[in-house]
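**Student:** here's my sequence, what's the structure:
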Amino acid sequence: FSGLSGIGDLFATCNSIYSRKRNVGYRLGKGERLGSILKDMKMVAEGVNTTRVAYEVAMKLKVTMPITEQIFQLLFEGKEPYEAVKALMGRGKTHEIEDMAFKN
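**Tutor:** Model (predicted):
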C-alpha cells in the first residue's frame, strides 16, 4: 500500500459502503453467516477465496498466520467474530518483525 494510490485503495476498501470486502465484514460482524451474505451479493468478494487459499498454504508450509487463521475460522467454521477478536487479542507475544530493529 505504498504511495497515494495504495493508501486510497486501502481507505476505500475499509470505508466505502460499496466495498465488497467491507460489506462482507460488516455483515459478519452483525451476525450473518457467510453463505447468506454471498447469496445476496451480485459480485465476488475476493477476500473470501483469498483467505481460504492463504490459510491452506500457511498450514501446508507450517507458517503461523494468526489473523488469517481466525478469519478462516470465522468464514468457514462458524466462529463468532467476538471469539476471533478475543483469540487474537489474548495471544502471547511472539517474535515479530519490529523486534528486528533492536538487533545489532
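**Student:** how many other residues sit next to Ala45?
**Tutor:** Ala45 is flanked by 19 other residues according to other CB atoms under 10 Å. The C-beta positions use only the backbone N, C-alpha and C, and glycine is treated the same way.
**Student:** residues in contact with the residue nearest to it when sequence neighbours are not counted?
**Tutor:** In space, and not counting its chain neighbours, Ala45 is closest to Arg20: 4.1 Å by CB to CB, 6 or more residues apart in numbering. Counting by CB atoms under 8 Å, 6 or more residues apart in numbering, Arg20 makes contact with 41, 43-47.
**Student:** quick check: PyMOL command selecting the buried ones in those residues.
**Tutor:** Of these, the buried ones go into a single PyMOL selection, burial set by 16 or more other CB atoms under 10 Å:
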select buried, resi 45+47
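**Student:** give me the pLDDT for the residue nearest to Ala45.
**Tutor:** pLDDT for Arg20: 87.
**Student:** do Asn104 as well
**Tutor:** pLDDT recorded at Asn104 is 54.
**Student:** got it, and Thr13?
**Tutor:** So Thr13 comes in at 77 (pLDDT).
**Student:** where does it fall, secondary structure wise?
**Tutor:** Using DSSP states H and E, Thr13 maps to helix 3-15.
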